[in-house]
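Peer 1: sequence and predicted structure, then a few things I'm wondering about:
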Amino acid sequence: MIRRILHIDLDAFFVSVEQALAPELSGKPVVVGGRPDRRGVVASASYEARAFGIRAGMPLGEAYRLCPQAIFLQGTFSRYREVSSRLMTILADYSPHLEPAGLDEAYLDVTGCDVHGSPRQLALTVKERVKTELGLTASVGVAGCKIVAKVASDLGKPDGLVEVAPGQEKGFLAPLPVARLPGVGRKTEQALRAMGITTVGELAALTPEFVKSHFGTAGTAIYHYANGIDNREVKPPGETKSISRETTFAQDTSDHRLLQAILRYLCELVGAELRRHNKQTRSIMLKLRYADFETITRHLGSKEATDADDIIFAGATRLLDRALSGKGKAVRLLGVGVSNLVGGGKQLNLFDSTSQRSEHLDRAIDRIRRRYGFGSIQTGSALALRDVFAGEKGD
Ligand SMILES: [Mg+2]
């Protein structure tokens, strides 16, 4: 059977979600990431903003210099996550072989799925549903392997559909600049250019030994990709092994109360995610980046597994207090993570009514937040938080 894989990727995801909600934003340069006078980077830019040279990952201040009239938005991560899960629900209608590759992109192996028509028809159906049900545009690539499907969807952006006929993978890639190939970053691109290699076809014509000798094992993958060869399967996501949330402050701070409040907020995000996955943790991690960019992580193990916000917070607080004691440095980034996760089957301690009560409370809060968004409830110590975030990074 001929392998057929779709790569579906929403266009300018965060910004498009904002534009779908507030039509007055459409057709305008819009940037999601935060206010331009704050530290932080562009998370997503509308195509109108990109026309000014604004790119994801660029410092907000630089984006402002390029286009002062752009509309800068903080963004709402919970909303993006919700749209993401609606996208995945649509895609799951067409094949069980679905692999999310980010909030707004996924691979779908549709080999032999002809009940829904040809892969191209299926791609059109998906695009149509994304448009009517989510109000967003998707670009889709169709090819015989993941890497070529991904390059194809990228090439068609925005609102594209690019199909690479079976057997044509190598020829399709050949004329493209090497930077189009996932895995070829800026450094690799420069090194290749120094060798006189600028297209994927030229890269494909080298020997695998030569590419490996220059770029190590990553070179072997790049060589195969350049030749349109990618045997990776489309795999549904495995079990979650760790969960973490972190935030960069708008301004460096050594305000202990503020740090505590943010720590509480991050612990609640992590706890909610744990409970969503029906997991408990035995290891709590704290990450700190100081104003001078020194970055440390500290861990705390526990014999008892937990998914309770209070216990995670208590552990993280111990780590924070220890990390800050004696250090006079201001903090730039704070993060909390949990790992060493254990699953499901939960032991109820009938004698410990306090922990049971707080567990019920956590779950009730989760339900409300699932319905109305994470910001709908803020617990006491996290209340001081409004407007201190420059950006929130998750998953
Ligand atoms: Mg995208």
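Peer 2: Here it is on my side, so go on.
Peer 1: now the helices for the chain?
Peer 2: 13-21, 47-50, 60-66, 77-92, 119-129, 146-155, 169-173, 186-194, 200-204, 208-226, 256-276, 309-324, 353-372 (DSSP state H).
Peer 1: list the buried residues of the shortest one.
Peer 2: The reference is to helix 47-50. In terms of neighbour count (16 or more other Cβ atoms under 10 Å), helix 47-50 has its buried residues at Glu48, Ala49, Arg50. C-betas here are computed from N, CA, C, even on glycine.
Peer 1: tell me, how many residues neighbour the residue of the stretch 101-250 of the chain found nearest the ion?
Peer 2: Among the residues of the stretch 101-250 of the chain, Asp104 lies closest to the ion, at 4.4 Å counting by Cβ to the ion. By the criterion of other Cβ atoms under 10 Å, Asp104 has 22 neighbours.
Peer 1: likewise the one 3 residues further on?
Peer 2: Neighbouring residues of Tyr107 were enumerated by other Cβ under 10 Å; the total is 26.
Peer 1: ok, what's across the strand from it?
Peer 2: Beta-bridge partners recorded for Tyr107 (DSSP bridges): His7, Glu99.
Peer 1: and it, how close does it get to Ile222?
Peer 2: Distance, Tyr107 to Ile222, using Cβ to Cβ, to the nearest Å: 19 Å.
Peer 1: circling back: restrict the buried residues of helix 47-50 to contacts with the ion.
Peer 2: Counting by Cβ under 5 Å from the ion, the subset of the buried residues of helix 47-50 that neighbours the ion is empty.
Peer 1: can you redo the residues you listed as JSON lines with pLDDT?
Peer 2: Compiled in JSON lines, the buried residues of helix 47-50 are given as follows (pLDDT from 0 to 100):
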{"residue": "Glu48", "pLDDT": "96"}
{"residue": "Ala49", "pLDDT": "97"}
{"residue": "Arg50", "pLDDT": "96"}
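Peer 1: closest one of those residues to the ion?
Peer 2: Once Cβ to the ion is applied, the member of the buried residues of helix 47-50 that ends up nearest the ion is Arg50, at 12.7 Å.
Peer 1: distance check, the residue nearest to the closest one when sequence neighbours are not counted against the ion.
Peer 2: In space, and not counting its chain neighbours, Arg50 is closest to Ala12: 8.0 Å by Cβ to Cβ, 6 or more residues apart in numbering. Going from Ala12 to the ion by Cβ to the ion, to the nearest Å gives 7 Å.
Peer 1: contacting residues for Ala12?
Peer 2: Ser44, Ala45, Ser46, Tyr47, Arg50, Pro158 (Cβ atoms under 8 Å, 6 or more residues apart in numbering).
Peer 1: now do the fourth one against the ion, distance only.
Peer 2: Using Cβ to the ion, Tyr47 is found at 12 Å from the ion.
Peer 1: from Leu103, how far off is that residue?
Peer 2: 19 Å.
Peer 1: just the last one next, same as before
Peer 2: In this view, Pro158 and Leu103 are 17 Å apart by Cβ to Cβ.
Peer 1: the two: which is more packed in?
Peer 2: Leu103 (19 against 13).
Peer 1: specify which member of the contacts of Ala12 is nearest to Met285.
Peer 2: Met285 has its nearest neighbour among the contacts of Ala12 in Ser44, at 27.7 Å by Cβ to Cβ.
Peer 1: tell me the contacts of the closest residue to that closest one other than its chain neighbours?
Peer 2: Using Cβ to Cβ, 6+ apart and skipping residues adjacent in sequence, the residue nearest Ser44 is Phe14, 3.6 Å away. Contacts for Phe14 (Cβ under 8 Å, 6+ apart) come out as Val32, Ala43, Ser44, Gly75, Tyr80.
Peer 1: got it, and Gly160?
Peer 2: Contacts of Gly160 were listed using Cβ under 8 Å, 6+ apart, and they are Ser139, Val140, Ser153.
Peer 1: neighbours of the closest residue to the last one other than its chain neighbours, how many?
Peer 2: Read that as Ser153. If the residues on either side of it in the chain are set aside, Ser153 comes closest to Gly141, at 3.4 Å by Cβ to Cβ, 6+ apart. A count of nearby residues for Gly141, using other Cβ under 10 Å, gives 28.
Peer 1: my read: Gly141 touches Leu6, true?
Peer 2: Yes: the pair Gly141 and Leu6 passes the contact test of Cβ atoms under 8 Å, sitting 7.1 Å apart.
Peer 1: which neighbours do the two share?
Peer 2: The contact sets of Gly141 and Leu6 overlap at Ala149 (Cβ under 8 Å, 6+ apart).
Peer 1: returning to that earlier point: measure the residue nearest to Arg50 to Leu108 for me?
Peer 2: 21 Å.
Peer 1: let me know the pLDDT of Val17.
Peer 2: Listed pLDDT for Val17 reads 96.
Peer 1: check contacts around it.
Peer 2: Here Val17 is in contact with Arg79, Tyr80, Val83, Leu136 (Cβ under 8 Å, 6+ apart).
Peer 1: ok, 6 Å please
Peer 2: With contact set as Cβ atoms under 6 Å, 6 or more residues apart in numbering, Val17 has these partners: Tyr80, Val83.
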